[in-house]
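# model the structure of this input:
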Amino acid sequence: METPSALLQRITGITGMEQGKRRLVLLFTQLGDFDSTEYAQALVPALPAIHRAGITVQAFAIGDEQGGDRFCEFTGFPREQLQTEGNADLHRACGLYEGLNSGAGAWPDLLLMCTGIGSPGTLAEVFRGYRGDRNAPQRFDNSLFRFAGGDGFQRPFELATVRLNNMVEALGHWKQYVPDDRYMAQRGGTFLLESDNTLLYVHRDKGILGFSETMGRPLSFLDAYL
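Have a look, this model is predicted:
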C-alpha cells in the first residue's frame, strides 16, 4: 500500500519520523472530539511496548497549541508527540472522511452523525459502552462496577462512564479544545509505516467512535508488530 504523499511531506523533518524505522502516525480529529480523547487514552499505557518494538509515534490533531497542552495534560499523551493543525487540510489530503455535509452547518451535521446518520457504527458503539463487553478490558477497579458485572472485562456502563468524563472535560473547556468548529465532523485515521515508507496498516475512520476496526481492543492492529 502506498502512503499518502501529503503525510510523508508532513512528517519530514520531525525527529523520529525519518525513513529507516517503523512509524505510527495518528491523525486525530478535533481535540475535543470523543475519538481523539479515547484513542489517546488507549495509546498511553501501550506506548512503552510500542517504543520497545522500535516504532516511533507521532500524532496530529485539529486545534491549536493551547488545546494541545490541555489535551495532553488530561489524557497523558506525550506533548512532544502531538502537533496541532489549524484546519483539516492534512486529513483531507490523506483521504480521510470529511463527515456528513448536509449543508445545514457544522453543529447540525455533528448532531446528525451522533445519531448514526452519515456515521455508520456510531450507535452500536454507544450502546456497547452501556451494555458492557466481555471481550474488552475493564476500565475501573471499582466495587460499583464489580457489583454490576464482575471483574476482568468491560462491565455495563463502564465505558459510558469514561466517555461521560471525557465529555465533561471537553465541554468545560470547549474553546480551548475546539477554536474553530468548522471541522467538527472531520474524521481521523491511523497509518503504520514500514521503514521504506510503505504502509503496513491503514484505518480511515468511517464515523464518530470509529477510530479503530476493533473498538473493544482498539490497538489490536499492532499485535503482529510488538
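# following element in sequence after the one helix or strand in the chain whose mean pLDDT sits lowest, please.
Sorting the helices and strands of the chain by mean pLDDT, DSSP states H and E puts helix 143-149 at the bottom, at a mean of 67. Using DSSP states H and E, the next helix or strand after helix 143-149 towards the C-terminus is helix 158-172.
# mind checking the pLDDT average for that following helix?
For helix 158-172, mean pLDDT rounds to 95.
# in that helix, which residues are buried?
158-163, 166, 169-170 (16 or more other CB atoms under 10 Å). Using the backbone N, CA and C atoms, a C-beta is placed for each residue, glycine as well.
# look up how far Arg79 lies from Cys94.
Distance, Cys94 to Arg79, by CB to CB, to the nearest Å: 23 Å.
# Ala160 against Arg131, yeah?
No - between Ala160 and Arg131 there is no contact under CB atoms under 8 Å: 9.1 Å.
# before we move on, back to that, tell me the one of the buried residues of helix 158-172 nearest Leu90?
The nearest member of the buried residues of helix 158-172 to Leu90, counting by CB to CB, is Ala170 at 21.7 Å.
# give me the nearest residue to that closest one, chain neighbours excluded.
Of all residues not flanking Ala170 in the chain, Gly32 sits nearest, at 4.1 Å (CB to CB, 6 or more residues apart in numbering).
# same deal with Ala49?
Leu226 (5.4 Å).
# report pLDDT for that neighbour.
Looking at Leu226, the pLDDT reads 93.
# count of residues packed around it?
Neighbourhood size, Leu226 [other CB atoms under 10 Å]: 12.
# is Leu199 in a helix, a strand, or coil?
Here Leu199 is recorded as strand under DSSP: H, G, I helix; E, B strand; the rest coil.
# buried residues in stretch 36-50?
Applying 16+ other CB under 10 Å to stretch 36-50 flags 36-43, 47, 50 as buried.
# how distant is that stretch from the center of its chain?
Centroid separation for stretch 36-50 versus its chain: 9 Å, with CA atoms, centre = their mean, to the nearest Å.
# quick one: the helices in this protein?
5-11, 34-43, 47-52, 65-75, 89-93, 106-114, 122-131, 143-149, 158-172, 174-177 (DSSP state H).
# could you dump those helices to a markdown table with distance to Gln19?
Formatted as a markdown table, the helices of the chain follow (distance: least, CB to CB, whole Å):
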| stretch | distance to Gln19 |
| --- | --- |
| helix 5-11 | 9 |
| helix 34-43 | 23 |
| helix 47-52 | 18 |
| helix 65-75 | 26 |
| helix 89-93 | 19 |
| helix 106-114 | 36 |
| helix 122-131 | 36 |
| helix 143-149 | 45 |
| helix 158-172 | 35 |
| helix 174-177 | 33 |
